[in-house]
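> Pasting a predicted model and its sequence here:
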Amino acid sequence: MKKSEPGRVALMTGCGSGIGKATAIALAASGWTVVATGRKPQSISGVDAALTLSLDVTDSASVRSAFSTVSERFGGIDLLINNAGFGAEAAVEELSDESLSEILETNLFGTLRCMRAAIPGMRERGSGAIINIGSIAGRWAAPFGGGYAASKSALASLTEAARQELAPFGIKVILVEPGPIATGFKARLDELSASVRGNRGSPYYPAYELREAYMTSVRNTDPGPELVAATVLGALAAKKPKARYLVASDPALRLLLQLPQDLRSSLFASSVAAFSRSRARKEPA
């Protein structure tokens, strides 16, 4: 454990890998005193953290303990980044209560718990920043991603309300919405969704298989999590940061998200259908 340092203190959740780890590394490199947290602190390596803590955002006691430790060590935090996230895929009909509850507990209620823990100290000091890591899924729910999209669209609304409520107290609240990013999130999502998507008796099984093949074909050029980290640093450096930052390097995806919902869904369905026809032509009879 490093000796306490003066300066800006940032606490970030979900630092074990992917976006969380890349952003924590970038923050430390730019001079922030980083408190890196995760459910499994032993997984947080390569981050020049002033402090590494166990923090399970689904557990209120864990949140209270982590923030209390940080308050005792540093006197409070200047920046909270809510990154811990969880996802699973299933058709709405096959989305279980348990699966949806787990998604919401992490992505929505977990973020809310951390915000409640951080806001009082920031409000008393009259300054601070909160960055919530959302997703383009909060703007557009793709087939079989309804549960995850519901959590991220709810997070977007929560963030927008907090942005307006906390502005008079000098606290900035920002939503960062990554598009497809090359991390371990997809592999974990596939693992958690395997029992549903692998059920050959499901009426959605052919669509599950086709969509997975299509998404695999178009995601081989996804940018790394460093793109999100750079966006976070840019938002923090801005005198007047935007309320929402879309992180999508593909111009076609940016254009797609600007289209009306009906047209967007129609184009996506057409792309999947075209991929299906192309795939069928390549397969032996």
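Received, thanks. This is a predicted model, so every value here is computed, not measured.

> check contacts around Ser54.
Taking C-beta atoms under 8 Å, 6 or more residues apart in numbering as the contact definition, Ser54 lies against 37-41, 62, 66. (Each C-beta comes from the backbone N, C-alpha and C, glycine too.)

> can we see that at 7 Å?
The contact partners of Ser54, taken as C-beta atoms under 7 Å, 6 or more residues apart in numbering, are 39, 41, 62.

> Tell me the secondary structure of the residue nearest to the last one when sequence neighbours are not counted, please.
Same thing as Ser62. Nearest-residue entry for Ser62: Asp56, 4.3 Å, with adjacent residues in sequence omitted and distances by C-beta to C-beta, 6 or more residues apart in numbering. With DSSP: H, G, I helix; E, B strand; the rest coil as the basis, the three-state label of Asp56 is coil.

> and Asp56, how many neighbours?
Counted with other C-beta atoms under 10 Å, the neighbours of Asp56 add up to 20.

> Touching, it and Arg64? I think so.
No - with contacts defined as C-beta atoms under 7 Å, Asp56 does not count as touching Arg64, sitting 11.4 Å away.

> Distance check, the residue nearest to Leu104 when sequence neighbours are not counted against Ile103.
Excluding the flanking residues, the one nearest Leu104 by C-beta to C-beta, 6+ apart is Ser151, at 5.3 Å. Ser151 is 5 Å from Ile103, where distance means C-beta to C-beta, to the nearest Å.

> ok, those two, which is more surrounded?
Summary of the neighbour comparison: Ser151 and Ile103, criterion other C-beta under 10 Å, with Ser151 having more neighbours (28 against 22).

> Check which helices and strands the helix or strand containing that one is in contact with.
Element membership of Ser151 [criterion: DSSP states H and E] is helix 146-166. Helices and strands in packing contact with helix 146-166 are listed as helix 97-104, helix 110-125, strand 171-178; criterion 3 or more C-beta pairs under 7 Å, 6 or more residues apart in numbering; DSSP states H and E.

> where do the strands sit along the protein?
Secondary structure of the chain, counting by DSSP state E: strands at 9-12, 33-38, 51-54, 79-82, 128-133, 171-178, 244-247.

> before we move on, the earlier item: now the helix holding Ser151, how far from the centre of its chain.
Once both centres are worked out by C-alpha atoms, centre = their mean, to the nearest Å, helix 146-166 turns out to sit 12 Å from its chain's centre.

> quick one: buried residues of that helix?
Using 16 or more other C-beta atoms under 10 Å as the burial criterion, the residues of helix 146-166 that qualify are 146-156, 158-159, 162-163, 166.

> For that helix, give me every contacting residue.
The set of residues external to helix 146-166 that reach it, using C-beta under 7 Å, 6+ apart, is 87-88, 90, 92, 95, 99-100, 103-104, 107-108, 111-112, 115, 119, 132, 134-135, 137-138, 141, 173, 175, 243.

> All set, thanks.
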